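1. what shape does this take:
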Amino acid sequence: MVKRIYFDNAATTPLDPKVFEAMVPYFIEHFGNPSSIYSYGRENRLVIEKCRKTVAQLLGAHPSEIFFTSGGTESTNAALHGAVEQLGCTRIITSPIEHHATLHTCEHLHQSGRISLAYVNVFSNGHVDLAHLEQLLSESTEKTLVSLMHANNEIGNITDIQKVGELCKRFNALFHTDTVQTVGHFPFDLSTIHVHFISASAHKFHGPKGVGILYVRSGTGIGPYIHGGGQERNMRAGTENIYGIVGFTKALELACETMQAEAAQIASIKSYACEQLIHRIPGICFNGDISGNSLYTVLSAGLPVNDKTEMILLNLDIHHICASGGSACTSGADQGSHVIRALHIPAQVTIRFSFSKYNSKEEIDEMIQTLRQLL
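-> From the prediction side, this is the model:
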């Protein structure tokens, strides 16, 4: 079997075997519908509520504030639509480098005439201009929702959500943050942050795909985004994904238990990759604030555009190395990464390497040797 090197953990992470082991009984033995009144159903209802309590404790929330969803995209959509349709927000402030789950939802709400839409400025290093956010909030006469991601999935920059929350509190704005890249990687105490909604997804921290959470701050009071039944305390219709919920919870428990040690391990791999790329790949540059407030899991690199770099991701894949990218391409047919474009970075071929606990420095060496051969 061909050995593959996987450096796209910001897209999805491999399932932890311990998570899979925890999930297996709920595929076969404990298969009951949690809404059923007999024992099979009641047992699974208790499991879901136990999971909700565990997730809440790990995130510094109350169990009543945690709702299980299909993942980050659904959670973000539910928060944004709920803020507009149930809480009366008529203005959203976001940034041009958000995940498309946020950007496309905001654009849809704007184009349908339900909100006005403003974009906060972003510095060339990828950080959000909080002074401009303050200005936008101070000028607003409408009920406003701010939606800014905690950490950018392409360049890794981290936004100070504590400061954003304080600004939102001062100007009486609601605050949603996409924490898909940070839950399971950083400690959270939501009781200390002025945030109304967060989105998270299990498959970003070695849990299963198809399950996430929406945190809704107590007293915020949005209604369901998906209609049809009374599941999730009337907040999300549909039979609960019991094995996914168990997997989310187990993955978060494991992540929190080993977070400090794994963060140090992965950060050392990222640092080593950066150092070796600089020394061994001529013309390489990096996007975002890689040595500042940045994810320890993500490294966005840029190469000059030429005939050897334009197919670099495909050629890496041919050599069994998985990475992703977005090119700020000059071709009208390929618009490339909206994040790279928003930062006004000169034309480049972008490669995003994102690391996990399963990566090693030996894999970095092999990747760089392959890059050198290809270039």
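2. can you tell me the helix or strand for the nearest residue to residue 215 once chain neighbours are set aside?
-> Residue nearest to residue 215 in three dimensions, not counting chain neighbours: residue 198, with 4.3 Å by CB to CB, 6 or more residues apart in numbering. Backbone N, C-alpha and C define where each C-beta goes, glycine included. According to DSSP states H and E, residue 198 maps onto strand 197-201.
3. same for that strand, what does it pack against?
-> helix 72-85, strand 174-178, strand 212-216 (3 or more CB pairs under 8 Å, 6 or more residues apart in numbering; DSSP states H and E).
4. mind checking the SS state of the residue most central in space within the chain?
-> Of all residues in the chain, the one closest to the mean position by CA atoms, centre = their mean is residue 180, 2.4 Å from it. Following DSSP: H, G, I helix; E, B strand; the rest coil, residue 180 is assigned to coil.
5. residues in contact with it?
-> Neighbouring residues of residue 180 by CB atoms under 8 Å, 6 or more residues apart in numbering: 72, 99, 149, 153, 199-201, 204, 212.
6. separation between it and residue 204?
-> With the distance defined as CB to CB, to the nearest Å, residue 180 ends up 6 Å from residue 204.
7. which parts of stretch 2-22 are buried?
-> 5-10, 12-13, 15-16, 19, 22 (16 or more other CB atoms under 10 Å).
8. what's the burial count for the nearest residue to residue 208 once chain neighbours are set aside?
-> Of all residues not flanking residue 208 in the chain, residue 247 sits nearest, at 4.1 Å (CB to CB, 6+ apart). Residues near residue 247, counting by other CB atoms under 10 Å, number 28.
9. residue 362 too?
-> 9.
10. host element of it?
-> helix 361-374.
11. pLDDT value on residue 344, please?
-> Looking at residue 344, its pLDDT is 89.
12. kindly report the same for the one 4 residues further on.
-> Here, the pLDDT recorded for residue 348 equals 91.
13. what residues are up against the spatially closest residue to it that is not a sequence neighbour?
-> Distance criterion CB to CB, 6+ apart; nearest residue to residue 348, sequence neighbours excluded, is residue 302 at 3.7 Å. Each residue near residue 302 by CB under 8 Å, 6+ apart is listed here: 284-287, 345, 348-351.
14. let's see 7 Å
-> 284-287, 345, 348-350 (CB atoms under 7 Å, 6 or more residues apart in numbering).
15. with neighbour count added, can I get those in TSV?
-> Shown next, in TSV, are those (neighbours: other CB atoms under 10 Å):
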residue	neighbour count
284	18
285	15
286	17
287	28
345	20
348	24
349	22
350	27
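16. which one of the residues you listed is nearest to residue 163?
-> For the contacts of residue 302, the residue nearest residue 163 by CB to CB is residue 287; the value is 23.0 Å.
17. could you measure from the closest one over to residue 128?
-> Counting by CB to CB - residue 287 and residue 128 are separated by 15 Å.
18. please enumerate the strands of the protein.
-> Along the chain, the stretches classed as strands by DSSP state E are 5-6, 66-69, 91-94, 116-119, 144-147, 174-178, 197-201, 212-216, 285-287, 298-303, 321-322, 349-354.
19. which one of those lies closest to residue 184?
-> Here strand 197-201 is closest among the strands of the chain (CB to CB), at 7.6 Å.
20. what does the closest one contact?
-> For strand 197-201, using CB under 7 Å, 6+ apart, the contacting residues are 71-72, 75-76, 79, 176-180, 183, 212-216.
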